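1. Provided below are the primary sequence and the corresponding predicted coordinates.
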Amino acid sequence: MKPWNELKITDDYIFCKVMQNESICRQMLELLLHIKIDRLEYVHNQYAIAPDYGSHSIRLDVYVRDSNKIYDIEIQTTDKHNLEKRVRYYQALMDIDQLERSMDYRHLKESYVIFICTFDPFNHDSLIYTVKQNFLERPDKSYDDNTRKVFYNLNASELKREDSRLGTFLRYLITNDPEDVFTKQISKEVESVKHSTKWRKEYMTVGEWIREEVEKEVAIEIDKRVATEVDKRVASEVDKRVANEVEKRVSNEVEKQVAIKLEKEVNKKVATEVENQLHAQQLQNARNLLAMNVLTAEQIAQAVELPVEEVLSLK
């Protein structure tokens, strides 16, 4: 967090406090949007909107409204590459914030989200990016849902050449050098805020709260990463153990199948050998009976359980 004495108008805290001055806020909106505003109904600085307990909340820098329009003005010094989605969410929650239960949609006010960026948000070197919606099939016809999105690029090359009150105001945000009545009024208000003991104490308190929140977020992130790493290592160890067990079981199954196969082969060979020996004995018995010349070939074949042809082949 920046030291109090180094804060400038482009720092959120100072910007929000300066914009509590209704006159300055109104004049700034008139310059940025080229409109006339009679009076701002009220001003919210660092206004938080959360649709419900579990939803992502937003904190708007400057949230103001007149009789028929609402405005959110944001100072953005860091490119987080999420502006399009961020603006979409901001406008959705602004609509939720203003539409009470049972109110018809036609009661929604025209809403503006304005981002003043110290960088080029879309990298086209334009000073102003105004978003307009059209029908793809009819580009000449606009689709108007009464939402407006405007982005200012304080890094645009044309800002140096912009000879207008708007150019003077935007250059002041970068240089902190007031050049006209309005920017001098802002500069005076900045000094008034920075000399306020009340705002200084509040800034320190907010800073302490932010540090505590950051520490909580860091602790949560560490816990998440530790849990993730533990899960990964446990999963890896489980995978190893499962693989080892599978390998053991496969190995045991292979050994079992080999043993079964060996047993079958041995049994087969033993059976063949036994059969060969029995056959040899039958042949010898047939020869012995033939030598006695007492029985016929048919009788011998029946006695030794051999085919007649095989007995006859022994003669």
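-> Nice, I can see it.

2. quick one: the nearest residue to Tyr172 once chain neighbours are set aside from Ile24, how far?
-> Spatially, and ignoring its direct neighbours in sequence, Tyr172 is nearest to Thr183 (4.1 Å; C-beta to C-beta, 6 or more residues apart in numbering). Every residue, glycine included, has its C-beta placed from N, CA and C. Going from Thr183 to Ile24 by C-beta to C-beta, to the nearest Å gives 10 Å.

3. just Thr228 next, same as before
-> 48 Å.

4. follow-up on the earlier one: which residue of Thr183 and Ile24 possesses the greater neighbour count?
-> Thr183 (21 against 16; other C-beta atoms under 10 Å).

5. Give me the nearest residue to Asn21, chain neighbours excluded.
-> Residue nearest to Asn21 in three dimensions, not counting chain neighbours: Glu189, with 5.5 Å by C-beta to C-beta, 6+ apart.

6. Could you pull up the residues touching that neighbour?
-> Glu189 makes contacts with Val18, Asn21, Ile24, as judged by C-beta atoms under 8 Å, 6 or more residues apart in numbering.

7. Please narrow those to those residing in helices.
-> Members of the contacts of Glu189 lying in helices (criterion: DSSP state H): Val18, Ile24.

8. Surely Leu32 touches Phe151?
-> No. Leu32 is beyond contact range of Phe151, at 10.7 Å (criterion: C-beta atoms under 8 Å).

9. quick one: common contacting residues for those two?
-> In terms of C-beta under 8 Å, 6+ apart, Leu32 and Phe151 are both contacted by the residues Ile114.

10. more crowded one of these two?
-> More crowded of Leu32 and Phe151, by other C-beta under 10 Å: Phe151, with 23 against 19.

11. I'd say the more buried one and Asp120 touch.
-> No. If you go by C-beta under 8 Å, Phe151 and Asp120 don't touch, sitting 9.3 Å apart.

12. quick revisit: tell me the secondary structure at the residue nearest to Tyr172.
-> helix (DSSP: H, G, I helix; E, B strand; the rest coil).

13. That one touches Gly167, doesn't it?
-> No. With contact defined as C-beta under 8 Å, Thr183 and Gly167 do not form a contacting pair (10.8 Å).

14. Quick check: mean pLDDT of the helix or strand where the residue nearest to Asn21 lies?
-> Per DSSP states H and E, Glu189 falls inside helix 181-194. Helix 181-194 shows a mean pLDDT of 95.
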